[in-house]
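J.: need coordinates for the following:
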Amino acid sequence: MAGVLNIRELVDAELAGRTRFSEFIKNVTQTTTAGLWYDLTGSAGNPKAKQWFDSAPLTAAAVAQSTDGGIYHGASIGSTQNKYLRFFRAACASATPLPMPLILCDYLLYYPTIEDGTTDVQEMTNTVTLPRYSDGVGVQMMAVTISARTGGQQFSVTYTNSDGVAGRVTPLVTQNSAAAPGTVTTASTATAAGTPGPFIPLQDDDKGVRSVQSVTMAGTDTGFFALVLVKPLAQTVVRGIDAPYEKDLLLFASELERIYDDAYLSLLAMPNGSLSGIAVRGGIRSVWN
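T.: Here you go, the predicted structure:
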């Protein structure tokens, strides 16, 4: 059977050279807001910036390493082996945004140009399906700012859950007023209801999302955002500037997360101050067997 099944097989795979270490550096130019989650996908550096989810409005678009880049995790290995995330490192040379949690995600697909300025139901066009995690288990939705808004308005999302049940509806979530493109619109430093953080809460007992059917604003505002479907893979926190923060998933996770062929990997960050002019550095190690 394909896959790392035990520690011995993991060590044998690494000794046999079936492993890859890749570094990243994201140079942020946006003035981010302390305590708000921010998507590093659109920041320059290595990997190159991917503009924040710009394609046909309200139409699902898939994301992949081969077409869009992302943090490199090695070439595709085919169906006879599985690849896993072994190690996750992150560092920051400035204390301004620290402490700073980070989430490494597989970005799957997105729905761009959702408008804040209408209360009409905005229907999504699902011409593509999830390229990975096709059952939707563990897949989360996040709303990423494309252009700024006043803030304070709410919206809900109608989606199909991981059991294939359509018509599921999220609770109302509240938008923040942060102007920087790439800010997660539902993140807030306040504890007010409706600002859950990076991911939009699902209807009770749902385990993930397969697709989005529509978005409905409860009130109007200016601005646009995209809904992005991601699978979180690992988390860490950069606490100081003295050393990189390293997370060995073999030691500090219940299991190694699988990295699928052609996965597009990128990062969410929650800085404790502005990231403008600051580089976020790190690396990942993958292993396959």
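J.: please enumerate the helices of the chain.
T.: 7-15, 65-68, 249-252 (DSSP state H).
J.: and the last one, what's its mean pLDDT?
T.: Helix 249-252 comes out with an average pLDDT of 86.
J.: repeat for the longest one
T.: Here the mean pLDDT over helix 7-15 is 90, rounded to a whole number.
J.: next: the second one.
T.: Per-region confidence: helix 65-68 scores 95 on mean pLDDT.
J.: on that earlier part again, out of the helices of the chain, deepest packed?
T.: Across those, the average number of neighbours (mean count of other C-beta atoms under 10 Å) peaks for helix 65-68, which reaches a mean of 16. (C-beta placed from N, C-alpha, C; glycine too.)
J.: gap between Ser286 and Val28?
T.: Distance, Ser286 to Val28, by C-beta to C-beta, to the nearest Å: 25 Å.
J.: then Gly240?
T.: The span separating Gly240 from Val28 equals 19 Å under the rule C-beta to C-beta.
J.: neighbour count for these two, which is higher?
T.: Taking other C-beta atoms under 10 Å, Gly240 and Val28 do not tie; Val28 has more neighbours (24 against 11).
J.: leaving out sequence neighbours, find the closest residue to the more buried one.
T.: Once flanking residues are discounted, Val28 sits nearest to Leu275: 4.0 Å by C-beta to C-beta, 6 or more residues apart in numbering.
J.: ditto for Ala243
T.: Using C-beta to C-beta, 6+ apart, the nearest residue to Ala243 is Ala91, at 7.4 Å.
J.: who touches that neighbour in this structure?
T.: Applying C-beta atoms under 8 Å, 6 or more residues apart in numbering to Ala91 gives the contacts 238, 241, 243-245, 280-282.
J.: over to Thr125?
T.: Here Thr125 is in contact with 56, 58-60 (C-beta under 8 Å, 6+ apart).
J.: wait, isn't Asp39 in contact with Val144?
T.: Yes - if you go by C-beta atoms under 8 Å, Asp39 and Val144 touch, sitting 5.2 Å apart.
J.: pull up the overlap in contacts between those two.
T.: 52, 182-184, 228.
J.: widest-spaced pair of the residues you listed?
T.: Across the shared contacts of Asp39 and Val144, no pair lies farther apart than Thr183 and Val228, at 12.7 Å, counting by C-beta to C-beta.
J.: which residues do these two both contact?
T.: Residues touching both Thr183 and Val228 (C-beta under 8 Å, 6+ apart) are 39, 144.
J.: please work out how many residues are found near the residue lying closest to Arg132 once chain neighbours are set aside.
T.: Leaving out its chain neighbours, the residue that sits closest to Arg132 by C-beta to C-beta, 6+ apart is Tyr260, at 4.3 Å. Neighbour count for Tyr260, taken as other C-beta under 10 Å: 18.
J.: ok, for the residue sitting nearest the centre point of the chain, nearest residue in space, not its chain neighbours?
T.: What sits nearest the mean C-alpha location of the chain, by C-alpha atoms, centre = their mean, is Cys105, with 4.4 Å. Sequence neighbours aside, Val230 is the residue nearest to Cys105 in space, at 4.0 Å (criterion: C-beta to C-beta, 6+ apart).
J.: looking at the sheet around the one you found, what are its partners?
T.: For Val230, the beta-bridge partners are Tyr107, Gln140 (DSSP bridges).
J.: surely it meets Leu109?
T.: No - contact criterion C-beta under 8 Å: Val230 and Leu109 do not qualify, at 9.3 Å.
J.: who has more neighbours out of the two?
T.: For the pair Val230 and Leu109, the greater number of neighbours falls to Val230 (27 against 24), based on other C-beta under 10 Å.
J.: the stretch 51-200 of the chain: strands as residue ranges?
T.: 61-62, 83-92, 100-115, 122-123, 140-147, 154-161, 168-169, 173-174 (DSSP state E, counting those that start in this stretch).
J.: show me what the third one is packed against.
T.: In this case it means strand 100-115. Here strand 100-115 touches strand 61-62, strand 83-92, strand 140-147, strand 209-217, strand 224-238, strand 264-269, strand 278-288, going by 3 or more C-beta pairs under 8 Å, 6 or more residues apart in numbering; DSSP states H and E.
J.: now find how far off-centre that strand is within its chain.
T.: 4 Å (C-alpha atoms, centre = their mean, to the nearest Å).
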